[in-house]
Every structure is written in structure tokens, then in C-alpha cells.
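> quick one: sequence and predicted model below, then my questions.
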4 protein chains.
Amino acid sequence: MGIRVAVAGASGYAGGELLRLIVGHPEFDLVTATAHSQAGAPVAAVHPQLTGLDLVFGATDPAVLAEADLVFLALPHGQSATLAAALPETVKVVDLGADHRLRDADAWTRYYGGAHAGAWTYGLPELPGQRAAIAESSRVAATGCYAVATILALAPLIAAGAVSAEDVVVVAASGTSGAGRAAKVHLLGSEVMGDLSAYKVGAHQHVPEIKQATGATSLSFTPVLAPMPRGILATVTARPTGTGPDPRTVLTEAYADEPFVRVLPEGTWPHTSATLGGNSCHVQVTSDVDSGRVIVSSAIDNLGKGAAGQAVQCANLMLGLPETAGLPAYGTTP
Amino acid sequence: MGIRVAVAGASGYAGGELLRLIVGHPEFDLVTATAHSQAGAPVAAVHPQLTGLDLVFGATDPAVLAEADLVFLALPHGQSATLAAALPETVKVVDLGADHRLRDADAWTRYYGGAHAGAWTYGLPELPGQRAAIAESSRVAATGCYAVATILALAPLIAAGAVSAEDVVVVAASGTSGAGRAAKVHLLGSEVMGDLSAYKVGAHQHVPEIKQATGATSLSFTPVLAPMPRGILATVTARPTGTGPDPRTVLTEAYADEPFVRVLPEGTWPHTSATLGGNSCHVQVTSDVDSGRVIVSSAIDNLGKGAAGQAVQCANLMLGLPETAGLPAYGTTP
Amino acid sequence: MGIRVAVAGASGYAGGELLRLIVGHPEFDLVTATAHSQAGAPVAAVHPQLTGLDLVFGATDPAVLAEADLVFLALPHGQSATLAAALPETVKVVDLGADHRLRDADAWTRYYGGAHAGAWTYGLPELPGQRAAIAESSRVAATGCYAVATILALAPLIAAGAVSAEDVVVVAASGTSGAGRAAKVHLLGSEVMGDLSAYKVGAHQHVPEIKQATGATSLSFTPVLAPMPRGILATVTARPTGTGPDPRTVLTEAYADEPFVRVLPEGTWPHTSATLGGNSCHVQVTSDVDSGRVIVSSAIDNLGKGAAGQAVQCANLMLGLPETAGLPAYGTTP
Amino acid sequence: MGIRVAVAGASGYAGGELLRLIVGHPEFDLVTATAHSQAGAPVAAVHPQLTGLDLVFGATDPAVLAEADLVFLALPHGQSATLAAALPETVKVVDLGADHRLRDADAWTRYYGGAHAGAWTYGLPELPGQRAAIAESSRVAATGCYAVATILALAPLIAAGAVSAEDVVVVAASGTSGAGRAAKVHLLGSEVMGDLSAYKVGAHQHVPEIKQATGATSLSFTPVLAPMPRGILATVTARPTGTGPDPRTVLTEAYADEPFVRVLPEGTWPHTSATLGGNSCHVQVTSDVDSGRVIVSSAIDNLGKGAAGQAVQCANLMLGLPETAGLPAYGTTP
């Protein structure tokens, strides 16, 4: 008899990836997968990649979810708090949404609108001390997709004094699954294939999350929509302090023992495709010849380390399982 | 101590996928992965998706391969026979190449050129009697990628007398990884994105293989190169006999107990993306309103059920393991 | 002062391409472009590729349209007849919709539903006699996108007795713009990129149109959705009569003087990308080694020769202009 | 009798686009198109989009090129100088290569290697005074593709004192045609589809060109390869001076009379797809909420305004033709 897990909001892309990881997990038993408008539909009718999985979406009923040992919430922003409040404290919860990521209530309201639900333990095990904090928590807020790609590139450099916390500039491009599964004209295949465009320029909601986790004091973040289903490539640039340690050494040491974050061999740059379907983050760093800026490139699968993979990694820690259980270390490429 | 497996010719796309499956397989220990021009290179330098795998390509040395319990050959056509001959009979071999698929030496010479190396057990467990034959063999020839998508759609229908073996017409489109990893202008991203084109029209080498496995007596096969990395969608049409059983019933019964072949619910058509990274084949069938032809649509991942997945499935049978061991049942989608 | 043209239903993909061709046409003045829900919006807000075009969508008002010399109708199926009836006979009309393509009212009702509006001159100038017929007509029904790719491949072969009119088998793949611009989940970029799937299998509405134009008596047609914005590749196979002329000679002679249809040099196969943005159709033919079937491959831009380009070509003929006026002969590739 | 133009190095992607523009140009007669290894091949065999163009590649013979009024050089870097020296001064020359872009010989040697060939008039008409300079020149160096996207976004802002010339940070993503047509494994469709990766990080050769044209004193530039055939999206960020004019006003005024550069309506962000096949550059600007950085997004077709379109625009000026002659103002989208 395995550990009983449930997924609320399983009809979206992150939800589908969660289900794929859960049914392949050696210790997890899937109790229920709930959906809103799709309740009653076979899971495989919504997620054709799960054809063969004999399961029907349930309604999002706290009483059913409460039978699980751990519940993943993959709900739209603003819906997690109410549901979480209806679950007993003995049920562990990992929230893939943004509701509980920020400690600063003002920042929450400014970027997301509405009332702040309060912060949970931030679900990024690779941050100093965070692995233990997650293991002891019954409520964990998994990271934003852009946020994790940026934080893993930046946090050790600021912490080590290698780069300035001021005037960090990030441009990050994401595959379209990051924009969700709602039917919108600007997300049609005819619109996105062959196209790059920036959006939410100058005011993306992951900015306060990145600042909170890295200590950056000033951050310009520009997201770009890229013509591919999955993947995030973040280009993170910061000014060197001039007095700090070598950036590549800092990153190499920070991630030496990490199972999922890889600093690539010198001269090799991250490819998002290499992370597809896995939970890995690939990182490389150099100094710009002209400006001297430190430039870090990091690649993740936005549905892997950027969402479902990250959530399972946190759940493993919360449940006392091996951190890598059920998580693909390698990408499905080409 | 697991079962010792080796891969010869591991630097191509099928080789990379084989390595991914092998290192994730619960019973396999990877002894060596060999390459020709890439011998001596780190595996992750060639396959960035395997970053973190601490392995260097070896030269293709029969003495080293002979230390394995089972060797996968992922070599270019025409190179398997010599290498296989240098391996002791006690070493089991699965050949992903075409060298040993055909029983008809004339057909081999006509479509591939050169001398025929002789036929091995054909590696498609879903054919009647073939599962047992594979389990008893020490030499198995895995199927061609287009062949398996077509055969799974067609073989039960001809066998059941539902469709005529004459005048089968197949049009099948493949992602570009099916064309291999050699640097060729017509396979550049700039050329293939946004493009569909037919190739080898009227004379594709999988025709004799499909005829051998299905009993089709006359077969038109047109392959199309599609702008995606992976996946094959085969549209297989055949004339109904008029006296046979219902095609959908035939396929449903044929695959009722198969773990990897799924006849989809009525009205649902296969998507190649739903098979990405897995070993599944999705199938649907209907009758054309105007012509009465039976039309079967089947989707696979050309590197999964079309190559590496199929090979591991055969290896599992040959080694007495559960047939599904180490094989993803579900796709990595979107 | 040029010829006054108008477009009704200009907010879709075919409408946008029509506008692009019209504003680049040496003889056309665009009087109005109308839209339904987008009436009042700047054209460039809907079609960003037309940024710089200082025009606002009008409502679809017959009185305004009647001020044009020629009106293009790019409306959803079933809406052309009413609007056309409200336009005086002195206003020439090219309908890009299906309403007036079929002579067989039963076939119309069977495939489209609703009452048949009656047939107009069929807008394919490359059919024998049709160029003159179009030139003399004030009402022309432009072809379906799949239909034109298939008809140009097939019609001369049946007419010349090179292939049988019975048991024609066609599999044709289209880019996603052929599915229109309505916001639907299955057309999202995340769903279609990396994916091929068949749809409307066994009962596509272009079948009666193709039969009407080619004389085919029995036709199996399977459409496939391909991961690219534009382009149709049709694989058209038919049984040789055995007594007819050489298929390649037939096609070469049929299109010797055509400005837009090109039979490629032997050994060269059509690429949809080579037709992108133009009005051309590329064709190649061979005989299948195994079955003897004649296999024709034809490529068009579904929004070019498959829709807007075709419509402008017809308009040019109806207005006594050079047939090629304003129509790109070449593709925008890569 | 039109103006006689020739293209040297016409077998690459920029060369193919040049040929497409030239044969559609109302005033140009194409004298010859030369190629190196492809000399003697039909143009349409190399550029299938030009099927129907009855032309064979010539060898690159200065005597033949000298018969033209204007020669476009689309050669690999380092090959233009020798050929240009062999052409009489009466033959006007537009060089699409990098050989004559930089005034700083040291910068040339540092970024390109080899001896500096000397600077020609820089071919960006939208820079102050440059339109007249180009019109009076017989030798013009067209811009780099990344350079033009960046310069058009940045130059007016620095010139107006709206942003600082120090610490400009640019991340720009390009479609694969920007990487050329040489057969390389990392440019295969299987590798680039579904992938984003940075390259030449910290040391791209367009840096000195951008600095020369904009007055930027310190510039970090990171290029990214994107999974699409064409298009560049540049994200250009700079620190506001705090004392300068409003950035959006600056750009709007700078480009008010430009036929090809469009500042989009507020809230609308550039899409590369909207520029496909045309010579336009779309621009938008805002201020980052958190950092205050000015962020400009600019989109071009790398083969249009980034190469062949730009070159034709310069040629038009040099020849006293209307600047927009033969240049598509609108994109081919979707």
C-alpha cells in the first residue's frame, strides 16, 4: 500500500504532467484527480497522453481530498487558499499556484490583486536551508516557473557576493504551455508557430518572488513567448561586484551535490530541449567581454522543474522519501 | 547486480533514446555505449539530455560487447551482421537496424542493396505467436519505424478477413528524427520547419517488411517528412472484403490485452504527441463514407515503439523480465 | 482610380491574406473590409502583419459593399448566399466559402447541412474551359483548400485516361490556419506543435467538390492536421488504367502554359514551404514500385492557391486584368 | 530596360531572399546570380521557392558582375573585400556581409579575425543623416541582422538623452536562418525544434557595430537561437537618465515619417511573425515597474530588414528610386 496522493485541478497542463509523474512514481497511489468543468470526464479524454489510465475526473470535494496523505493543488491563482483551509492539517499540501509564495502581502496584492493568503514554506530545495524546511512542513508553496529558472541562476551569485543585488536584468522565454490551456486566439498554433513576442513587459508577477528568494534589490524581468510547447530559457545578467569569487566556481560549488541542477562543462550552453520531461535545470555562466556583466543561462522544463517536477520533489521531501523518487533525471530529446 | 546490457552505435537519435531507457530501467546495468567517430567523447556532450550520466563513448569492440548479457545494435543499415557474427551465441542481441528483418533475400537486395545477412526473429510481440518466439530467441530484429505503425494498424484486419490484402494504400508522416542525425542541408531546421514533403515516393524500404508481417499482397506506401522532432502518424487504407467482421471489433479484440497498443474510444483519433517518449501505439478505425475503404490511423513515437522502446520490449521478453519493465506507458505531452 | 474591391469577413486568416494581396495589387483600391464582432477595430489590431495600414473594420453592410466593383466573401459556410442576394448583379462576387461550389444539392446538404444555395461558376482557372467561364461570370465560387491541391493533381490524369476514376485514395495534411481562427483548445499551439492527427476521417466535405471537378467516382479522403501555420501537402493515389498515357507527360502538358502550377523536375518532390505566401501549386508524380499505383504529390499554400490567392486570380479574370496581377509567383522561404 | 543588378553568393538564405525581392522589383533586371559550389545548378534546385525562375547559378566572375549597375554581395565574412576591389567604381555595391561595417579596425580584428577591409557607408537609412549618405555612396555596408533590430530600438533613445549609453543590456532571439545554410548537426530540425539555447554568449560580433551606430559605451549582448525559420526579437534595456524626454515620445517622433519602422499602439507588443517576408521593424517601449529600466522590444525578419530587405532599401536610395520600391510593407502571416 503506497502513499495516498490526490491532485486538485488536474485538467490543465501542469495537472496532466503531475498525473504522469504520480502514476509512474514508485511510492504513490493516486486517490483522486479533480477538475472543475471536466468533472466526470475520463482523464484520457482530456489528457490523451494518459490513454490507458482508467480514471475519471472527480469534482473538487475537500472530503475526498482529505482521504489523501498529500494533496497537490494545481488551481488557478487565488483558489488555493480556500481549498487548503478546508483540508485537515494532517493532510500535507503542495500548492503549485502562486497564492502562498510571497511573504510580502503588499507585493502580492500589487502583482496578483485580491487579499493575500499568507506565505507557506517556499518549495525550492536547492536554496540554503530550504531542503530541511520543506521536509518539516505540511504546507509548501512550489515556485513559479520563470522564478525557479531565474533563482537557480542568480541566488548563489548574490549570496556569495559575486554579483550586485542591484540592477539585475533578466529576459526569459517560455514555451506556450506556460500560458495555460484556456482557449485564447493569441495562443492558437497559427499565431504562435514562427513567432516570438514579449508580454507583460515591465511588470511580471514573478518579480517579487525572485527578489524574495535571491535578495535582488532591483530587477528588470521581460518574459517572451516562444514557439515550442515546453521549456524556459532564462538569460540572467548582473553586474559583478569586482571583489567577489568567480561566478562559475560559485555555481559549481553550490550545485555540486544537487541531483537536478547541473552546471554544464565550460563552453557548453543549456538547451531547453535537453530538460524536456525531466526535473533538471541546466546552467552555464560567463562574463560579457564588453560590459563585464555576468551572464547566466539556465534551462528548465516549465512543466518539470518549473511546476510538476518541482512539486513532486517537494512532496518526496515532505513524505520522507528519497528526493529523486519518481522524477526523471534525463530529458526526452530530441 | 543487474542484467548487463550494451549499446553499439549509441550516438544517433535511437541510440540516445535507448540510453535514456536503459539507465531508467529497473533491471539493466549499462556496460558500455559505443560510437564510431564519437568514441572517447562524454555521452552528455553528444546527448545533452543525458547530462549527469557519467559515461564516455567506447569504441565498438566486440570483446567488450561480449561481456554483456544483451547487446543492442543501433548501427547504420548493413553494419549489424558483421558485428553480430563476432558476438558469442550466449550474448543476446537486439538489432534496431534493418539487416535481419526480411526473410526474402531478393527483397533485401532490391530495397537495401548488398548481400542479405539472413532473417532473425521479427521483433513485434503483438503479432500472433511472436511474443513467444521472441522470448525464445537470442537474436531479434526490431521493426522499422514506419513498419510498426503500419503493421499494428493492418495485420489483424487482413488476418481476420476484414480487409483485402490487395491494394493497401498507406501514407505515413514522420518527425525528422526518423531521418537520422547526419548533417544534411535538407534536414536543417530552416528547411523542415513549416514544411511538409514526400520522399522516397513509390519505393520505400519498409514495404517488403510490412508485406511480410501483414500478408498484404500489394502495397502503396508514401512517406512524408513532418515539421516535428518525433512521431509517426500512419494513415492505412484497405478495401473491405465485405464478408469479414467489423474492423473496429477486430482491432479491439486483437489488442484487448496488449499493454502498449490502444484502440481509442470511438470518435477519438490518435495524436502523435500523446505517444511522445512512451512505447505506446494509439489506433482508431472507420469506414470511408464515399469509397467504403477501411481507414486506420495509428500513431507512435518513432524513437519509442518505432525504435528504442520496441527494442527494450523485445529485450525484456528475451530476458524473462516483465514485458513493460522500464518502458513508459504514457506520453510526455504537451 | 483603380478597381474598387471590398472584403466581407476580413478578420479571419483568409481575410487577412486577402487584404495583404489587395493592398499590394497594382489595380485594386480597397473600399471596405468588414467584420462581425471586430467591426470598429483597427485592421492592424486584428492582423498585426498589416501594421501601417490605416483602416478600420466596417460592419457588413450590403449598401457599402455595393459600392465596390468586386466583393470578396470570406464568410463562414452558410452565410454567403444571403449577403450575395443583397448585392446588385453589377457587383461581381468571388465567394471563398463553400456555399456555391457544389452543383449537387443533395451532396451539399449531406456534407454541410442546411439548404443548398445553388452553384456558381467554379473558380479553378486551370480546369479545361474554366478560365473563359470565370472571365464571363459575375459570380464565382473559389475552391476549397484541400480540393484545389487534390484536383490539380488528379483531374488531368482522369481526363486523359491515365488513371481510373474509381478508388482514388487521398491523404492530405494541412497547416493549422486551415482550421480557422476561432479559439479552440485543440488548436492551441501547445496542442498542435509536435503533433500530427487525422480528423473528419472518412467524411470530409471536400469529397463531393473533388469528385465534381475531377470525375472521380469513388474517393477516400483523409485530412491530417500538421504542426505548421500554412501549407497543404496532398498525396493523391489512383490505379493506372494500363492503357492510358504516361502520367508525368499528362501533367506536364496540362500545365505547360500555366503561370501558377509547376510540375517539378523529375526526382524533385514538392515542399509546402516553397509555396508559402505565393499562389503556386507544385506537383510531382511517379508510379509505386510495388502496387503500380500512380502517386501524385502536390503542395500549395492553403491561404494562397487554397484561398486568397485563388480568389484574386479569379477576380483578375473576371475584371479583364492580367491573371497574375498582384499575385506572388514565388514563395517566402525559408 | 530596367536597372541591371547582380547577386554574388546567391545560394544562401539571404541570397535566396534577395533573388525573390529582385525578381519582384519593378525596376530591377537580374543580370546574374552567382554561387560557389552550386555554380551551374538551376536556381530553383537550390531555392525551391523560386521554381519557375529560369536561371542557372553562374560562377562568381568579376567581369560578369561588372556588367551590372549594382551588385549585391551576399558572401561569407571576409570574402567581400577582394571581390569588391575587382569591380569598377562605377558599379555600385551593397555588401550584406560584415567586412565593411566597422570603422574601428581593432574591433574588426578582435571580433572577426583577419585584416580590416575598411569601412563603407553604413546602410541604415533610419539613422540621422544616413539616408542622404547612402544615396550619395557607391559602396554601402548593409547592417547585421541583430544589429539593426537593436539599433532601431536604441539609437534614438541615447541620442535624445532618454537613456544612458552605459550598461545597455540586450537579449535577442533569432530564427535559425540567421545561422546560415551550412549542414551542421546542431542546426538540424531535430535539434532546434522545441529548443531554445544561447550561443556566443558574452562576445557576439555585432556588439561593436551596435556601439558604433548608437553611441552605447557598454553593451551586454546575448543571442538566443529560437525554433522558427525566420525572425528576430530583441529585448533592449537601458537605464533611464531621469532627465531626458519620454522614451515612447522619442521613438514615435524618430520614426513618424519612416515607411518601415512602426512604433506600435500602446499596449501592443511586436511579433516577429508580423514582419515575416517584409522589410518592417515593429517597436514598443515601456518602463520596468521594479527597476525603472527602459525596455524596448523590436521585431524584424532577419532576412528582410535584417538582410535582403535592408540591402534593397539601400540600393533603392543609391539608385535614386523610391525607397520602398519592390519592398513588401506587410508581413506574410500567419
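Perfect, thanks for sending it.

> so where's chain A uncertain?
Chain A contains residues with pLDDT under 70 at A:1.

> list the helices and strands the helix ranked longest in it packs on?
Ranked by residue count under DSSP state H, the longest helix found in chain A is helix A:145-159. If you count contacts as 3 or more C-beta pairs under 8 Å, 6 or more residues apart in numbering or on different chains; DSSP states H and E, helix A:145-159 packs onto strand A:168-174, helix A:207-214, strand A:219-225, strand A:232-238, helix A:247-254, strand A:281-287, strand A:294-300. Any C-beta I mention is one placed from the backbone N, CA and C, and that applies to glycine too.

> can you state the direction angle for that helix and strand A:281-287?
Put simply, helix A:145-159 runs at 50 degrees to strand A:281-287, going by axes from the mean of the first three to the mean of the last three C-alpha atoms, to 10 degrees.

> in helix A:145-159, what's buried?
Within helix A:145-159, the residues scored as buried using 16 or more other C-beta atoms under 10 Å in any protein chain shown are A:145-159.

> just the CA trace of that helix, in CSV.
Presented in CSV, the C-alpha positions along helix A:145-159 are these (Å, rounded to 0.1, in the frame of the first residue of the first chain):
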residue,chain,number,x,y,z
CYS,A,145,8.2,28.6,-13.5
TYR,A,146,10.1,31.6,-14.5
ALA,A,147,11.1,32.2,-10.9
VAL,A,148,12.9,28.9,-10.5
ALA,A,149,14.9,29.2,-13.7
THR,A,150,16.0,32.7,-12.6
ILE,A,151,16.5,31.9,-8.9
LEU,A,152,18.7,28.9,-9.5
ALA,A,153,20.9,31.1,-11.8
LEU,A,154,21.1,34.0,-9.5
ALA,A,155,20.7,33.2,-5.8
PRO,A,156,24.2,31.7,-5.2
LEU,A,157,25.9,34.6,-7.0
ILE,A,158,24.3,37.3,-4.9
ALA,A,159,24.7,35.2,-1.7
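
> next, the buried residues of stretch A:218-238.
Buried positions in stretch A:218-238, judged by neighbour count with 16+ other C-beta under 10 Å: A:218-238.

> contacting chain C as well, which ones from the residues you listed?
With C-beta under 8 Å from any C-beta of the partner chain as the criterion, the buried residues of stretch A:218-238 include A:227-229 near chain C.

> which of these fall in strands?
The members of these all map outside strands under DSSP state E.

> export the residues you listed to JSON lines and append columns for distance to residue A:105.
Converted to JSON lines, these look like this (distance: C-beta to C-beta, whole Å):
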{"residue": "A:227", "distance to residue A:105": "37"}
{"residue": "A:228", "distance to residue A:105": "36"}
{"residue": "A:229", "distance to residue A:105": "35"}
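
> near chain D, from these?
Within those, those near chain D by C-beta under 8 Å from any C-beta are A:227-229.

> out of the residues you listed, flag the one nearest to chain C.
residue A:229 (4.9 Å; C-beta to the nearest C-beta).

> so that closest one sits against residue D:194, correct?
Yes: between residue A:229 and residue D:194 there is a contact at 7.0 Å, judged by C-beta atoms under 8 Å.

> touching both of those two, which residues are there?
A:175, C:193-194 (C-beta atoms under 8 Å, 6 or more residues apart in numbering or on different chains).

> enumerate the residues of the stretch 1-150 of chain A near chain C.
So the stretch 1-150 of chain A meets chain C at residue A:13 (C-beta under 8 Å from any C-beta).

> can you name the residue of the stretch 1-150 of chain A nearest to chain B?
The minimum distance from the stretch 1-150 of chain A to chain B, using C-beta to the nearest C-beta, falls at residue A:49 (3.4 Å).

> could you double-check that that residue sits in contact with residue B:274?
Yes: counting by C-beta under 8 Å, residue A:49 touches residue B:274, with 4.4 Å between them.

> which stretch among the helices and strands packed on helix A:145-159 comes nearest residue C:67?
For residue C:67, the closest of the helices and strands packed on helix A:145-159 is strand A:219-225, at 40.8 Å, according to C-beta to C-beta.

> same for that closest one, what does it pack against?
helix A:145-159, strand A:168-174, strand A:197-198, helix A:207-214, strand D:232-238, strand D:294-300.

> neighbouring strands - and their directions - for that strand?
Paired with strand A:219-225 in the same sheet, following DSSP bridges, are strand A:168-174 (parallel), strand A:197-198 (antiparallel).

> report how many residues lie close to the residue of the stretch 1-150 of chain A closest to chain B.
By other C-beta atoms under 10 Å in any protein chain shown, 27 other residues sit near residue A:49.

> do residue A:279 as well
Around residue A:279 sit 28 other residues, with neighbours defined as other C-beta under 10 Å.

> please tell me which one of the shared contacts of residue A:229 and residue D:194 counts the most neighbours.
residue A:175 (32 neighbours).

> secondary structure element for residue A:125?
Counting by DSSP states H and E, there is no helix or strand that carries residue A:125.

> which residues touch it?
For residue A:125, the contacting residues are A:131, A:134, A:313-314, A:317, A:323, by C-beta under 8 Å, 6+ apart.

> okay if I get those as CSV plus distance to chain B, neighbour count and secondary structure?
Shown next, in CSV, are the contacts of residue A:125 (distance: C-beta to the nearest C-beta, whole Å; neighbours: other C-beta atoms under 10 Å in any protein chain shown; DSSP: H, G, I helix; E, B strand; the rest coil):
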residue, distance to chain B, neighbour count, secondary structure
A:131, 19, 16, helix
A:134, 22, 25, helix
A:313, 15, 29, helix
A:314, 20, 31, helix
A:317, 20, 23, helix
A:323, 14, 19, coil
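
> can you pull the residues of the stretch 201-334 of chain A lying near chain B?
A:229-230, A:259, A:262, A:264-265, A:268, A:271, A:273-278, A:280, A:282, A:328-334.

> give me the subset of the residues you listed lying in helices.
Among these, no member falls in helices (DSSP H).

> can you flag the buried ones in these?
Here, 16+ other C-beta under 10 Å leaves A:229-230, A:259, A:262, A:264, A:268, A:271, A:273-278, A:280, A:282, A:328-334 buried among these.

> reformat the shared contacts of residue A:229 and residue D:194 as a markdown table; add distance to residue C:86.
Formatted as a markdown table, the shared contacts of residue A:229 and residue D:194 follow (distance: C-beta to C-beta, whole Å):
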| residue | distance to residue C:86 |
| --- | --- |
| A:175 | 47 |
| C:193 | 42 |
| C:194 | 45 |
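
> same for chain B: which of these are within range?
Restricting those to those touching chain B (C-beta under 8 Å from any C-beta) yields C:193-194.

> which one of the shared contacts of residue A:229 and residue D:194 is nearest to residue B:83?
residue C:194 (33.9 Å).

> hang on, isn't the closest one packed against residue A:229?
Yes: Residue C:194 is in contact with residue A:229 according to C-beta under 8 Å; the separation is 6.0 Å.

> what about residue A:191, distance to residue D:272?
Distance of residue A:191 to residue D:272, computed by C-beta to C-beta, to the nearest Å: 12 Å.

> repeat that for residue A:186.
Distance, residue A:186 to residue D:272, by C-beta to C-beta: 14 Å.

> more crowded one of the two?
Remark: of residue A:186 and residue D:272, residue D:272 carries more neighbours, 30 against 14, as counted by other C-beta under 10 Å.

> what's around residue A:63, how many residues?
Neighbours of residue A:63 (other C-beta under 10 Å): 8.

> which stretch of helix or strand covers it?
helix A:62-65.

> tell me how far that helix is from the chain's mean position?
Relative to its chain's centre, helix A:62-65 lies at 25 Å (C-alpha atoms, centre = their mean, to the nearest Å).

> which other helices and strands does it contact?
On a contact count with 3+ C-beta pairs under 8 Å, 6+ apart, helix A:62-65 meets strand A:3-8, strand A:28-34.
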